[in-house]
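Sequence and predicted structure below; questions after.
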Amino acid sequence: MPELPEVESVRVGVHEWTAGTTITGAEVIDPRILGTTSQRRIDASAVDGFIAAVTGRRIIAAERRGKFMWLTLGEDLGAGPAAEPAAPELSLLVHLGMSGQLRVHDAADEIHRHTRAILRLERGSESLQLRFIDQRIFGHLGVQPLVHAYGRLVPASANHIAADPLEPAFEPGLALEQLARKRTVVKSALLDQSLVSGIGNIYADEALFRAGIHPLAIPARTRKSRLAAVLDSATRVMSDALAVGGTSFDALYVNVNGESGYFDRALLVYGRGGQECVRCGTEIEKMTIGGRGSHFCPNCQKPPRYR
DNA sequence: ATGAGCACCTGAACGC
DNA sequence: TGCGTTCAGGTGCTCA
């Protein structure tokens, strides 16, 4: 569900509500949320381990790279008056998958039926809950050490993803060089989080349309200036989407306060198969590429000649 | 090493 | 009304 702009909208809210709070307890309602989609077998000791690892920790900040978000965790309570270490070493990784949400609630609020885990937080006399709600359980929670990758500290399981276009560590020249080596179709390459992170199915289609590139073009056989245009388009479209809170088709995507974003109104091709192109009136085509629904204008995005 | 395909889930919408 | 099929904003493992 959520791509970079949606995850960032959530991160901002999580940071505002939770930075400086202490985790006083946790509840794992569905242990599968602690696994990945391919490692679903979670035993009771893993649940206990997760709860023990986060309880008593202070939340320093909510951070993000691409679609991976995490809370940096500080010293245990009761560890004495020792100062905070110079750099945090532990993180609570949160990946929203296709249908994940983080919501801030009062303890008394009704529990939504897809709630998979709850963190109890306190700041002074104030208490609140951060709830992880995920219909499909493609999302994930986990306590992880922080490691260096692409110029900064990230949770260990995010060490393979590249910088995203909206972070200072992003190097456009490096991303372009990596992209230009790919022999798979450009639509699939844009979804490869190890080249550029944060781009998902919606923004890949939007970026290709805005740059006038056919989704089946092969990066290794495409002019670099055109590849640079696609990366610029991806950066711009995600930045524009972030400015209005991201894209929400339905109640599945909302920020921590339950609010929707408005970028669905600005989508030019995604979800418009069979409708007229906003630029030239040609019928927008929809086809499956790499198992993902892909939308494009066959006139504005000319098919590559070499296929 | 790269790339393709599929598995992992739940629920909504659609056709018959 | 009910049943089967298809689709959905992502990732990671396995195999060629």
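Here it is on my side, so go on.

other SSEs contacting the helix or strand bottoming out on mean pLDDT in chain A?
Scoring the helices and strands of chain A by mean pLDDT, DSSP states H and E places strand A:68-76 at the bottom, with a mean of 92. Using 3 or more CB pairs under 8 Å, 6 or more residues apart in numbering; DSSP states H and E, the elements in contact with strand A:68-76 are helix A:4-18, strand A:57-65, strand A:90-95, strand A:140-149, strand A:152-155. Bear in mind the C-beta positions are built from the backbone N, C-alpha and C, glycine included.

partner strands of it, parallel or antiparallel?
Each strand that pairs with strand A:68-76, with its direction, by DSSP bridges: strand A:57-65 (antiparallel), strand A:90-95 (antiparallel).

any idea how far it is from the chain center?
Computed by CA atoms, centre = their mean, to the nearest Å, the separation of strand A:68-76 from the middle of its chain amounts to 17 Å.

Tell me which residues are up against that strand.
Under the criterion CB atoms under 8 Å, 6 or more residues apart in numbering, residues A:7, A:10-11, A:14, A:18, A:23, A:54, A:56-64, A:82, A:84-85, A:88, A:90-96, A:143-144, A:146, A:154-155, A:157-158, A:161, A:197 lie in contact with strand A:68-76.

Going by neighbour count, which residues in that strand are buried?
Buried positions in strand A:68-76, judged by neighbour count with 16 or more other CB atoms under 10 Å: A:68-75.

now do stretch A:124-134
Of the residues in stretch A:124-134, those buried (16+ other CB under 10 Å) are A:128-134.

same question, stretch A:270-289
Quick answer for stretch A:270-289 (16+ other CB under 10 Å): A:270, A:272, A:277, A:284-286, A:289.

can I get those residues in a markdown table with secondary structure, distance to A:Ser248 and pLDDT?
Converted to a markdown table, the buried residues of stretch A:270-289 look like this (DSSP: H, G, I helix; E, B strand; the rest coil; distance: CB to CB, whole Å; pLDDT from 0 to 100):
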| residue | secondary structure | distance to A:Ser248 | pLDDT |
| --- | --- | --- | --- |
| A:Tyr270 | coil | 13 | 97 |
| A:Arg272 | coil | 17 | 96 |
| A:Cys277 | coil | 24 | 97 |
| A:Ile284 | coil | 21 | 97 |
| A:Glu285 | strand | 25 | 97 |
| A:Lys286 | strand | 21 | 97 |
| A:Ile289 | strand | 24 | 97 |
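
Spatially, which two of the residues you listed are the most separated?
A:Cys277 and A:Ile289 (18.4 Å; CB to CB).

where exactly do the strands run in the stretch 201-307 of chain A?
A:285-289, A:292-296 (DSSP state E, counting those that start in this stretch).

Who does the first one pair with, and is each partner parallel or antiparallel?
Here the strand partners of strand A:285-289, with direction, are listed using DSSP bridges: strand A:292-296 (antiparallel).

Say whether DNA strand B is contacted by the partner strand.
No: Strand A:292-296 does not reach DNA strand B (CB under 7 Å from any atom of the strand); its nearest approach is 8.9 Å.

which outside residues touch that strand?
A:187, A:191, A:201, A:204-205, A:208-209, A:214-215, A:269-273, A:284-288.

so which of those also contact DNA strand C?
A:191, A:201.

List the residues that contact A:Ala149.
A:158-161.

Most neighbours among these, please name it.
Highest neighbour count within the contacts of A:Ala149, by other CB atoms under 10 Å: A:Ala158, with 24 neighbours.

close enough to count as contact, that one and A:Arg64?
No: contact criterion CB atoms under 8 Å: A:Ala158 and A:Arg64 do not qualify, at 9.7 Å.

For burial, what's the neighbour tally of A:Arg113?
Counted with other CB under 10 Å, A:Arg113 comes out at 8.

Distance check, it against A:Arg65.
In this view, A:Arg113 and A:Arg65 are 31 Å apart by CB to CB, to the nearest Å.

who's in contact with the residue most central in space within chain A?
Nearest residue to the geometric centre of chain A (CA atoms, centre = their mean): A:Lys67, 1.9 Å. Residues near A:Lys67 by CB under 8 Å, 6+ apart: A:2-4, A:7, A:95-96, A:193, A:197-198, A:200.

Would you mind listing which of those are buried?
So, by 16+ other CB under 10 Å, the buried ones in the contacts of A:Lys67 are A:2-4, A:7, A:95-96, A:193, A:197-198, A:200.

I figured A:Val254 was touching A:Gly245, is that so?
No: using CB under 8 Å, A:Val254 is not in contact with A:Gly245, being 9.4 Å away.

Identify the contacts common to these two.
A:Ser260.

Tell me the residues of chain A that contact DNA strand B?
Close to DNA strand B, as judged by CB under 7 Å from any atom of the strand, chain A has residues A:32, A:37-38, A:40, A:113-114, A:135-138, A:182-185, A:188, A:290-291.
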